[in-house]
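**Student:** Structure for this input, please:
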Amino acid sequence: MKTKWNIILVQLSFWIGLTLWLGSCKNEAILLKPVKADRAITQILKEDDKYTSLVQALDRAGLSGLLNIYGSYTLFAPNNDAFKKYLQRKNLNSITDISADALKKTLLYHLYSNQYNTSSFIAGSLPALTALGEYISMDISKGVSNTVLNGSVKVKELNVSATNGVIHEIDDILEPPAQTTMDWLKAQPKYSIITEAFQKTGVDAVLNQVYEDNDPTKARVRYTAFLETDSVLALSGINSFAKLAAKYSKTGNYTNLEDSLNIFMRYHLLKKNLFISDFRDDYLESVHATDFITFSTSNGIYLNPHYDYKIVGGVKTDSIFVKTGLLLSKSNTITKNGVVHSVNKLFSVYSPTPQYVMVSFIKDCTLWPNCNAATGFKTLAQQAPFPWIIWFPYDADTRTAAKSNLTTTPPGILLSGPSCFRMQMLSTTAYIELTTPKIFKGTYDVLYNWEREASEPTVQVYIDGVKAGDPINQAVTLQNGINYPNYAQHMLLTTLKFDDISEHKIKIVCVTAGIGFFDAIEFRPR
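**Tutor:** Residues are numbered from 1 along each chain as shown. Model (predicted):
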């Protein structure tokens with residue numbers, strides 16, 4: 001047995017204390033002690049007696065060589081006891097009873113092609129698929145040193161550094177999900193009502209789908225499901241499918257896509273894979289197109305937070321804040337085609353009120369080469385990392401510009417952060433085009449934001465091909481009539497009413513040449 005010096009938690013070649021602040025659990029300090037990483041993963045495993053079974057498995061699967069060469073890997077390494085559990089569970093005598101192909105698939109499920117130390121551990125899943133192309137769920141609610149994978153597999157030793165990555169010891173074999181979400185639901189008595197509802201509406205076909213059009217040659221599909229247990233439905237007086245149908249179905253034809261029960265069931269699903277760690281303040285379209293789920297991550301994770309009113313005698317009473325929470329202990333369940341989260345109340349279709357939207361020209365300065373300094377991209381292909389914006393001509397002098405020191409009297413500040421998009425517009429053929437996220441239907445004031453300098457161009461703004469206001473001379477248009485150069489400007493372009501939920505195209509066309517500093521477009525609900 002090697003000394004503990006070779007298996008203590010390591011990451012750096014000098015002493016360092018790292019305190020991990022976890023919002024969902026108590027603060028936990030992990031001391032990372034220095035160990036010189038001078039051996040590859042395969043070498044470390046071979047020199048440690050607790051990994052003899054894993055070494056045998058890697059050799060049999062043909063993966064030892066991969067983990068012995070240059071790279072940056074993360075291996076959740078099952079110890080010998082883990083293999084004993086697995087063999088007993090499968091009624092096998094030894095690793096040689098497992099085919100090399102099956103063993104390879106199992107071990108690839110333990111491997112990532114990126115290095116993830118414990119500083120990357122989150123409540124959900126690591127930000128990538130394993131080498132097998134599947135997810136592993138991660139529970140850190142009891143602290144990183146007590147991380148649990150896929151609901152039951154515990155980590156033992158953490159952050160064992162290698163020249164080509166990092167090793168985390170685990171006490172059982174991780175098995176990729178074998179059931180679709182629908183198959184998993186059928187085996188869960190606590191979801192019996194919602195399971196029957198999926199079946200009666202025909203939406204179960206969605207939750208049984210693994211590939212587009214059920215064709216294995218096509219892309220994988222994954223759904224996120226937000227589901228009520230029977231006990232949660234009972235809180236709303238629903239203790240059977242019949243009562244659920246009586247509340248929601250308007251036609252009695254549950255498989256009719258226009259029936260409100262069918263819509264209700266499809267609204268529970270997103271056509272993408274989202275763990276708790278993936279939630280952001282955002283809104284996403286449900287499987288029932290045009291109906292959206294809104295997300296809030298302030299002081300917890302909530303779905304569809306909004307204010308509602310009771311009507312008493314035809315008059316609105318005080319507003320009530322309504323939100324749907326997640327039952328964290330019953331969430332992040334991985335299936336073959338998605339992930340399941342449990343909600344704490346009846347999750348009805350919600351039609352959101354208009355939401356404020358800001359469309360920044362650059363969004364993230366770090367996407368640009370030598371942020372705030374360098375000349376930008378010169379070809380159409382180089383615009384690919386920026387799906388929300390295109391500019392023409394493609395070889396225009398474009399870059400980001402740091403504007404954190406704008407004039408502060410009167411106060412001026414860029415909405416999108418310390419940097420804006422700088423473009424030299426040399427002729428009337430030059431333009432910038434932005435694509436908005438989907439904007440909820442409603443009436444909005446549209447405001448245009450830029451930073452005023454003497455060399456600014458005159459531009460005309462178009463929204464969905466229609467002029468939005470008059471041409472703007474960005475060099476002399478003043479906010480509040482005060483003549484301040486190097487000042488963040490904003491002005492009302494127009495007021496628009498959107499009758500559906502959709503994306504919109506914003507085009508800024510050069511009228512007279514100049515160098516423009518573009519900040520953001522705002523859509524403010526009226």
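**Student:** For the chain, just list every one of the helices.
**Tutor:** 41-46, 52-61, 80-89, 100-108, 181-186, 192-201, 204-207, 230-234, 241-248, 260-266 (DSSP state H).
**Student:** I'd like those helices laid out as TSV, including mean pLDDT, distance to residue 70 and mean neighbour count.
**Tutor:** C-beta: built from backbone N, CA, C; applies to glycine. Below are the helices of the chain laid out as TSV (pLDDT from 0 to 100; distance: least, C-beta to C-beta, whole Å; neighbours: other C-beta atoms under 10 Å):
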stretch	mean pLDDT	distance to residue 70	mean neighbour count
helix 41-46	96	11	22
helix 52-61	97	17	20
helix 80-89	96	27	16
helix 100-108	96	19	17
helix 181-186	97	39	21
helix 192-201	98	48	21
helix 204-207	96	42	20
helix 230-234	97	51	17
helix 241-248	97	57	17
helix 260-266	97	47	22
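**Student:** Quick one: residues contacting the residue most central in space within the chain.
**Tutor:** Note on the chain: the residue nearest the mean C-alpha position is residue 278, at 3.6 Å, using C-alpha atoms, centre = their mean. Applying C-beta atoms under 8 Å, 6 or more residues apart in numbering, we find residue 278 in contact with residue 124.
**Student:** what's the spacing between it and residue 125?
**Tutor:** Per C-beta to C-beta, to the nearest Å, residue 278 is found 8 Å from residue 125.
**Student:** quick one on the thing from earlier: so how far is residue 203 from the residue nearest to the centre of the chain?
**Tutor:** In terms of C-beta to C-beta, residue 278 sits 23 Å off from residue 203.
**Student:** repeat for residue 467
**Tutor:** Residue 467 is 44 Å from residue 203, by C-beta to C-beta.
**Student:** quick one, which of these two is more surrounded?
**Tutor:** Applying other C-beta atoms under 10 Å to residue 467 and residue 203 shows that residue 203 carries more neighbours, namely 25 against 13.
**Student:** Skip the chain neighbours and tell me the closest residue to that one.
**Tutor:** Residue nearest to residue 203 in three dimensions, not counting chain neighbours: residue 265, with 4.5 Å by C-beta to C-beta, 6 or more residues apart in numbering.
**Student:** hang on, isn't that neighbour packed against residue 199?
**Tutor:** No. Look at residue 265 against residue 199 with C-beta atoms under 8 Å: they stay out of range, at 9.9 Å.
**Student:** low-scoring pLDDT stretches of this structure, where are they?
**Tutor:** Low-confidence regions of the chain, defined by pLDDT under 70, span residues 1-37, 309-319, 363-379, 382-383, 385, 404-412, 477-486.
**Student:** Not counting sequence-adjacent ones, nearest residue to residue 130?
**Tutor:** Residue 130's closest residue in space is residue 109 (C-beta to C-beta, 6+ apart), at 5.2 Å.
**Student:** Could you check how far that neighbour is from residue 82?
**Tutor:** Using C-beta to C-beta, residue 109 is found at 13 Å from residue 82.
**Student:** quick one: common contacting residues for the two?
**Tutor:** Here residue 109 and residue 82 have no joint contacts, going by C-beta under 8 Å, 6+ apart.
**Student:** What ranges does the stretch 1-150 of the chain have for its strands?
**Tutor:** 16-20, 28-32, 73-78, 111-112, 124-125, 137-139, 148-149 (DSSP state E, counting those that start in this stretch).
**Student:** What strands flank the fifth one, and is each parallel or antiparallel?
**Tutor:** Looking back up the chat, that one is strand 124-125. strand 137-139 (antiparallel) (DSSP bridges).
**Student:** Equivalent analysis for the last one, please.
**Tutor:** Using DSSP bridges, the strands paired with strand 148-149 are strand 137-139 (antiparallel), strand 153-154 (antiparallel).
**Student:** hang on, the earlier thing: which residues do residue 265 and residue 199 both contact?
**Tutor:** Common neighbours of residue 265 and residue 199 (C-beta under 8 Å, 6+ apart) do not exist.
**Student:** sorry, back to before: how about the contacts made by the residue nearest to residue 203?
**Tutor:** Contacts of residue 265 by C-beta under 8 Å, 6+ apart are 197, 198, 201, 203.
**Student:** so which of these comes closest to residue 143?
**Tutor:** residue 198 (36.4 Å; C-beta to C-beta).
**Student:** What residue, apart from its backbone neighbours, is nearest the closest one spatially?
**Tutor:** residue 204 (4.4 Å).
**Student:** Does the one you found touch residue 196 like I think?
**Tutor:** No. Counting by C-beta under 8 Å, residue 204 sits too far from residue 196 to count as a contact (9.6 Å).
**Student:** Next, the contact list for residue 345, please.
**Tutor:** 228, 232, 235, 236, 324, 325.
**Student:** Sorry, slip of the keys, the one I care about is residue 300.
**Tutor:** residue 325.
**Student:** The residue nearest to the centre of the chain and residue 272: what is the separation?
**Tutor:** The value you get for residue 278 to residue 272, if C-beta to C-beta is used, is 9 Å.
**Student:** Also residue 300?
**Tutor:** Using C-beta to C-beta, one gets 22 Å for the distance from residue 300 to residue 272.
**Student:** tally of neighbours for the residue nearest to residue 130?
**Tutor:** 22.
**Student:** just the one 4 residues further on next, same as before
**Tutor:** A total of 13 residues lie near residue 113 under the criterion other C-beta under 10 Å.
**Student:** And residue 189, by the same measure?
**Tutor:** By other C-beta under 10 Å, the residues close to residue 189 number 9.
**Student:** for residue 351, same thing?
**Tutor:** 12.
**Student:** what's the answer for the one 10 residues further on, then?
**Tutor:** Neighbouring residues of residue 361 were enumerated by other C-beta under 10 Å; the total is 28.
**Student:** Now residue 502. Nearest residue, chain neighbours left out?
**Tutor:** In space, residue 502 is closest to residue 438, 5.9 Å off (C-beta to C-beta, 6+ apart).
**Student:** Pretty sure the one you found sits against residue 282.
**Tutor:** No. Using C-beta under 8 Å, residue 438 makes no contact with residue 282, being 10.5 Å away.
**Student:** Which one of the two is surrounded by more residues?
**Tutor:** The neighbour comparison of residue 438 against residue 282 (other C-beta under 10 Å) goes to residue 438, with 17 against 13.
**Student:** residue contacts, the more buried one?
**Tutor:** 283, 285, 292, 501, 502, 503.
**Student:** Roughly how far does it sit from residue 221?
**Tutor:** Taken as C-beta to C-beta, the span from residue 438 to residue 221 is 21 Å.
**Student:** Also residue 197?
**Tutor:** 21 Å.
**Student:** Same list (the helices of the chain) but as a markdown table, adding distance to residue 451.
**Tutor:** Formatted as a markdown table, the helices of the chain follow (distance: least, C-beta to C-beta, whole Å):
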| stretch | distance to residue 451 |
| --- | --- |
| helix 41-46 | 50 |
| helix 52-61 | 57 |
| helix 80-89 | 58 |
| helix 100-108 | 50 |
| helix 181-186 | 49 |
| helix 192-201 | 52 |
| helix 204-207 | 48 |
| helix 230-234 | 51 |
| helix 241-248 | 51 |
| helix 260-266 | 45 |
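**Student:** ok, of the contacts of residue 345, which come out buried?
**Tutor:** 228, 232, 324 (16 or more other C-beta atoms under 10 Å).
**Student:** out of these, who's nearest residue 72?
**Tutor:** Nearest to residue 72 out of the buried ones among the contacts of residue 345 is residue 324 (C-beta to C-beta; 39.5 Å).
**Student:** List the ones among the contacts of residue 345 that fall in strands.
**Tutor:** Residues of those located in strands (DSSP state E): 324, 325.
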